[in-house]
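# I would like to see how this sequence folds:
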Amino acid sequence: MAAITHLALYAGYKIKIPVHDQLFVPETVHLITLLAATGPTLMRSTVHGMTVNPIQSLYVSRVGVAVADPQLCQLLEEVQSPDTLLMFGLVPNGPIGDHRIAERSQDAVAVDTLEALAEFLL
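Just a heads-up that it's a prediction; the model follows:
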């Protein structure tokens, strides 16, 4: 599953037309909600990257516009925040962007986190 998720992540990076990354947003959101906060650190970081990728694609497609959309800039900042990373089961591990797995053990917390992630993605 990790290999397929990596392929899904990297398939969106080298697209010559940024709009193509936005074609499968519903499927990507579904996959993100299924895989968020599961697996080792690399898997969780990959799923987080799948979330960041369409947002960055939207930002890149609007670079030619004189004024960048402030909501899009805010969304880019929010997706990198510690609270959002926690939704993916990740905690920042230093200033260079490394992550480690967040320690959680309660099922109620996991359900609430998944609900918050679904609201964020919508």
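
# From now on I want contacts and neighbour counts done on CA atoms only, so please keep to that.
Noted.

# Quick check: phi and psi at the spatially most central residue of the chain.
Taking C-alpha atoms, centre = their mean, the centroid of the chain lies closest to Thr51, which sits 2.3 Å from it. Backbone geometry at Thr51, expressed as degrees, to the nearest 10, gives phi -80, psi -40.

# ok, now which ones touch the nearest residue to it once chain neighbours are set aside?
In space, Thr51 comes closest to Ile32 once its chain neighbours are excluded; the distance is 7.3 Å by C-alpha to C-alpha, 6 or more residues apart in numbering. Ile32 makes contact with Val47, His48, Met50, Thr51, according to C-alpha atoms under 8 Å, 6 or more residues apart in numbering.

# and Ile32, what pLDDT?
On pLDDT, Ile32 comes in at 85.

# cool, and Val109?
Reported pLDDT for Val109: 52.

# For this protein, just list every one of the helices.
Secondary structure of the chain (DSSP state H): helices located at 2-11, 25-35, 41-61, 70-79, 82-87, 107-121.

# Which of those sits closest to Arg100?
Of all these, the one in closest proximity to Arg100, counting by C-alpha to C-alpha, is helix 41-61 (6.1 Å).

# hang on, the earlier thing: what's the distance between the residue nearest to Thr51 and Gln80?
16 Å (C-alpha to C-alpha, to the nearest Å).

# Quick check: which ranges of this protein have low pLDDT?
11-21, 63-68, 96-97, 104-110 (pLDDT under 70).

# How much space separates the residue nearest to Thr51 from Met87?
11 Å.

# just Leu35 next, same as before
From Leu35 to Met87 the distance is 11 Å (C-alpha to C-alpha).

# Fine by me, thanks again.
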